[in-house]
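1. With the sequence up front, the predicted model follows.
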Amino acid sequence: MKGVKKVLWFPYKVFAFYTILIYILILWIPFEGWLAGFMMMSFPAVILMHLISLPIWFIIERKKALLPLALLLGGCIFLSRTYGFGGKDLSVASDGEHTFSVMNYNVHSFQRYSDLRDGQMRKQIGDMKEWVAGSGADVICMPEYFADASKLFNMDEMLTKKGFKHSLRYQQVNSKYNYLGLALFSRFPIVASRDTVFESQNGMIQADIRIKKDTVRVIGLHLFSMTLKLGNLVHQKKMDGVKREGRITFSRIKMGFVRHAAELEVLESWMDASPYPVIVCGDFNEMPYGYVYGKLRRKLNNGFEEGGKGFGFTFNHLPYFIRIDHQFYSPEKLNLVNFTTYNKIDYSDHYPVMGTYKFTKTAEDR
């Protein structure tokens with residue numbers, strides 16, 4: 001038994017050191033390199049390993065079980081990023097007259113790439129459109145938005161009829177009759193706007209929205225998509241296939257970390273230049289332990305952390321258990337009234353999230 005303990009204890013101590021490095025990276029974000037990105041992304045797996053190690057070391061030698069216990073307790077400082085307990089006291093004057101809601105939902109092009117000859121699929125697309133238009137949100141940000149003049153994808157027309165008379169999308173459109181990319185719709189007037197395209201569908205749009213006598217800057221984004229086809233990796237039956245898909249997955253994640261750091265610079269410049277309270281929402285393609293999330297968290301509050309419940313997972317495909325769709329807001333000028341992850345709405349490969357906000361002081365109060 002002594003020999004087994006020695007063999008196991010040294011690699012576990014090395015793993016413990018790696019864990020401490022990850023905690024430091026997530027807390028202080030000293031650099032933006034892709035290697036740091038991989039390390040921070042491994043946080044959930046690291047915590048799982050310590051959860052497994054704790055009872056094992058307790059059985060082998062109780063004194064040594066103190067190390068995984070200490071590391072697990074240390075990891076609790078990231079609990080708010082991982083699990084929501086229903087939020088703080090969100091009872092701040094939640095009357096509908098002075099509140100407004102923002103929903104972000106990666107709609108996966110409303111399933112336009114599916115078999116449109118299938119009657120059931122066409123019904124599902126119709127149901128999805130109805131749900132989005134009737135969601136009750138005042139502002140909707142939709143990455144991978146698609147609309148055209150056909151009856152099946154006449155989303156612009158449907159939203160206009162539901163009161164979303166103001167909209168914004170990239171200036172570059174596919175053609176006169178259809179659009180695919182990031183879009184934002186509002187019941188309230190958009191008094192100023194701008195946009196930028198990072199690559200293909202990925203980019204940002206900014207809308208300064210007038211709500212009665214106040215204005216809020218909503219920045220909708222879709223950061224670089226790593227487009228991980230984990231199903232291809234999981235279903236490989238030969239080692240050559242596993243290696244090939246593994247290399248592709250690694251390359252896409254690595255590129256994603258590099259691109260996100262560059263995209264963050266543009267985002268921060270838009271935020272810093274805003275004379276209004278800011279809400280940043282959309283598909284970040286990044287978990288709560290990543291570089292972009294950590295940097296934004298230093299300046300803004302996160303809606304899920306303040307008012308979310310459960311794990312709040314927002315991805316509806318492999319690996320399922322991740323939260324990559326977020327909302328951040330200016331805490332000094334906005335109060336969060338409610339935050340919801342609609343994890344029963346499974347039309348897309350993402351779940352929608354909605355935050356309801358209230359200005360800390362309205363123009364009448366000032």
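-> Arrived safely, thanks for sending.

2. got any ranges where the stretch 101-250 of the chain has weak pLDDT?
-> The stretch 101-250 of the chain contains residues with pLDDT under 70 at 171-177, 227-246.

3. so where do the strands sit in it?
-> Assigned by DSSP state E, counting those that start in this stretch, the stretch 101-250 of the chain shows strands spanning 139-147, 166-169, 179-186, 190-199, 202-211, 214-222.

4. So what does residue 162 have for phi and psi?
-> Here is the backbone geometry of residue 162 (degrees, to the nearest 10): phi -90, psi 10.

5. returning to that earlier point: for residue 272, which of the strands of the stretch 101-250 of the chain is the nearest?
-> Residue 272 lies closest to strand 214-222 among the strands of the stretch 101-250 of the chain, at 11.2 Å (C-beta to C-beta). For the C-beta atoms, the positions are set from N, CA and C on the backbone; glycine is no exception.

6. Give the partner strands of that closest one in its sheet and their orientations.
-> Strand 214-222 has the following sheet partners, assigned by DSSP bridges: strand 202-211 (antiparallel), strand 278-283 (parallel).

7. how about the ones you listed, which one is nearest residue 271?
-> Using C-beta to C-beta, the strands paired with strand 214-222 put strand 278-283 closest to residue 271, at 5.3 Å.

8. thinking again about what came up before, of the strands of the stretch 101-250 of the chain, which stretch is the most buried?
-> Most buried of these by mean neighbour count (mean count of other C-beta atoms under 10 Å) is strand 139-147; its value is a mean of 27.

9. Under a three-state scheme, what state does residue 274 occupy?
-> Three-state assignment for residue 274 (DSSP: H, G, I helix; E, B strand; the rest coil): coil.

10. in the sheet, who's paired with the residue nearest to it when sequence neighbours are not counted?
-> In space, and not counting its chain neighbours, residue 274 is closest to residue 217: 4.5 Å by C-beta to C-beta, 6 or more residues apart in numbering. Judged by DSSP bridges, the bridge partners of residue 217 are residue 208, residue 278.

11. pretty sure residue 217 is touching residue 277, no?
-> Yes - contact criterion C-beta atoms under 8 Å: residue 217 and residue 277 qualify, at 7.0 Å.

12. List of residues touching stretch 111-125?
-> Contacts to stretch 111-125, defined as C-beta atoms under 8 Å, 6 or more residues apart in numbering, come from residues 110, 128, 146, 152, 153, 347, 348.

13. I meant stretch 25-39, not that one.
-> By C-beta under 8 Å, 6+ apart, the residues outside stretch 25-39 that reach it are 18, 21-22, 24, 40, 43, 77-78, 253-254, 256-258, 260-261, 289-291, 294-295.
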